[in-house]
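Asker: Kindly return the folded structure for what I paste below:
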Amino acid sequence: MPIADMTVEEMQRTAKTHICGVCFGPLNVAWYNGVYILRCKHMAHNTITRRKPKSEREKEEQRIWRELNKVDSNALMAMPEAKMLERVGQARFPKDLTLAEKKLVASVAVTYGLDPLMHEISVYQGSIYVQIDGRLRKAQETGLFDGVSTRPATQAEREAWEVKAGDKFIHADVFKKGASHPFEAWGRVTKEEIDRAKNSSDKSYFLPIVNDPMGHAEKRAVARGLKRAFHIPLPSEEDIGFNAAGKLVDTSTGEVIEGTATVIESSQQAPPAPAPPIPPVEPAKASSEATTSPTSQELTDTEKLLAHVVDAKPNLKSQKTARGWLVNVAKIEPSRIDAEPGQVWTEIRDMIGMAGKEL
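Answerer: Take a look at the predicted model:
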């Protein structure tokens, strides 16, 4: 049985310095049968051992590996799509991706600062999903992430949510600094879903549901809590599953996943988003008969600035993501984008390869 004869504070400290003595996996604090316990992912394991200190050589190798393979969101969002496409090619996916799917992954990875090489983003049936590692890293980068607590639902909670016998149902609290209450979420894996996963033609993809349904329910709960606390408007891979009718769905919304999405091929950029980017503003022709288009007359200097950024970096696709690029990558103060767009353009136009172009 897991360890229960410690205070919660002692368990939290021990989880940082020890590992399971049987499987050598990480430890976490969980709520079980009315008490907090210290456990690994196997409930039958009941011994722990201190983590072996890393040698200086191991620390240096780990530092070099991280430096070469893992980058932060700013570097990912500034990465040229051709380079990101190479990174996608180095990543391991459950199935080989088509070129169109690789381009789609690369485009979304650059837009949201996610790393396919570190298993932060995936593609299934032609749609993009964020993996829990990506949500955790993005939350940690904010400096506001203050931890996660999970526990199985109580019997009263199971009855209130009408959870059937055999279903796995987990509660998660995601803590954010400055918030008065944790962001609460639930994760469920139904017995019917487990049976469907066992008989799925895509068994390798659904092994986590079959082999560790309780752990997968916990992942769903944590992913949903992270999405509420640190919003990334993309579905979670952990939520792909089956409904009672046996259809493949996003279990967080019930939306049916109907098959491979159509991806438009392009030799220059990734497939466009539903909303097209604002077209770049061209200077008026030097002619007495030349006229300025209605669109040009309506655009403010701020809109022109954002349109030029989208024109230079098609993967951004919209003024909203262009604003995000200016703040997170170009390090422009948000207030300056509206207050002094002309000066901002002068500062960043060389960076985006539009030297000499006037606003």
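
Asker: my read: residue 132 touches residue 232, true?
Answerer: No: between residue 132 and residue 232 there is no contact under Cβ atoms under 8 Å: 11.4 Å. Heads up, the C-betas are built off the backbone N, CA and C, glycines and all.

Asker: from memory residue 235 sits against residue 131, does it?
Answerer: No: applying Cβ under 8 Å as the test, residue 235 and residue 131 come out as separate, 10.8 Å apart.

Asker: contact partners of the biggest helix by length in the chain?
Answerer: Looking across the chain with DSSP state H, the single longest helix is helix 213-229. Helix 213-229 has contacts (Cβ atoms under 8 Å, 6 or more residues apart in numbering) with 41, 130, 132, 135-136, 139, 145, 148, 150, 152, 168-174, 176, 179, 182-189, 194, 208-209, 236, 238-239, 251-252.

Asker: Would you mind listing which of those are buried?
Answerer: 130, 132, 135-136, 139, 145, 148, 150, 152, 168-174, 176, 182-183, 185-189, 194, 209, 236, 238-239, 251-252 (16 or more other Cβ atoms under 10 Å).

Asker: on that earlier part again, give me the buried positions along the longest helix of the chain.
Answerer: 213, 215-227, 229.

Asker: for the residues you listed, which one is nearest residue 198?
Answerer: residue 213 (10.7 Å; Cβ to Cβ).

Asker: residue contacts, residue 120?
Answerer: 109, 114, 130, 131, 133, 134, 137.

Asker: give me the number of residues near the nearest residue to it once chain neighbours are set aside?
Answerer: Nearest non-adjacent residue to residue 120, counting by Cβ to Cβ, 6 or more residues apart in numbering: residue 134, 3.0 Å away. Residue neighbour count, defined by other Cβ atoms under 10 Å, stands at 28 for residue 134.

Asker: So residue 134 is in contact with residue 121, correct?
Answerer: Yes: using Cβ under 8 Å, residue 134 is in contact with residue 121, at 5.9 Å.

Asker: Need the overlap of contacts for those two.
Answerer: With Cβ under 8 Å, 6+ apart, residue 134 and residue 121 have common neighbours 114, 115.

Asker: For the helix or strand encompassing residue 159, which helices and strands make contact with it?
Answerer: If you go by DSSP states H and E, residue 159 is part of helix 155-160. The contact analysis (3 or more Cβ pairs under 8 Å, 6 or more residues apart in numbering; DSSP states H and E) places helix 155-160 against strand 168-176.

Asker: Extract the C-alpha set from the strand it packs on and format it as PDB.
Answerer: The C-alpha trace of strand 168-176 is given here as PDB (Å, rounded to 0.1, in the frame of the first residue of the first chain):
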ATOM      1  CA  LYS A 168     -12.700   6.200 -13.200                       C
ATOM      2  CA  PHE A 169     -13.400   9.700 -11.900                       C
ATOM      3  CA  ILE A 170     -10.700  12.100 -10.700                       C
ATOM      4  CA  HIS A 171     -10.700  15.600  -9.300                       C
ATOM      5  CA  ALA A 172      -7.900  18.100  -9.900                       C
ATOM      6  CA  ASP A 173      -7.100  21.500  -8.400                       C
ATOM      7  CA  VAL A 174      -4.700  23.700 -10.400                       C
ATOM      8  CA  PHE A 175      -3.300  26.600  -8.300                       C
ATOM      9  CA  LYS A 176      -2.400  29.900  -9.800                       C
END
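
Asker: Neighbouring strands - and their directions - for that strand?
Answerer: The strands beside strand 168-176 in its sheet (DSSP bridges) come out as strand 145-152 (antiparallel), strand 183-189 (antiparallel).

Asker: Mind listing what's buried along the following helix or strand past the last one?
Answerer: Sequence order places helix 191-198 as the next helix or strand after strand 183-189, per DSSP H and E. Judged by neighbour count (16+ other Cβ under 10 Å), helix 191-198 contains these buried residues: 192, 193, 194, 196, 197.

Asker: ok and helix 191-198 relative to strand 168-176, angle-wise?
Answerer: Helix 191-198 and strand 168-176 meet at an angle of 100 degrees, taking axes from the mean of the first three to the mean of the last three Cα atoms, to 10 degrees as the criterion.

Asker: what's helix 191-198 packed up against?
Answerer: So helix 191-198, by 3+ Cβ pairs under 8 Å, 6+ apart, packs with helix 207-211, strand 240-242.

Asker: Deepest-packed of these, please.
Answerer: Comparing the helices and strands packed on helix 191-198 by mean neighbour count (mean count of other Cβ atoms under 10 Å), strand 240-242 comes out on top with a mean of 23.

Asker: Give the next helix or strand downstream of that strand.
Answerer: Following strand 240-242 in sequence, per DSSP H and E, is strand 248-250.

Asker: State the mean pLDDT of that next one.
Answerer: The pLDDT scores in strand 248-250 average 80.

Asker: packing partners for the next helix or strand after that strand?
Answerer: Later in the chain than strand 248-250, the nearest helix or strand by DSSP H and E is strand 255-256. In terms of contacts (3+ Cβ pairs under 8 Å, 6+ apart), strand 255-256 is packed against strand 248-250.
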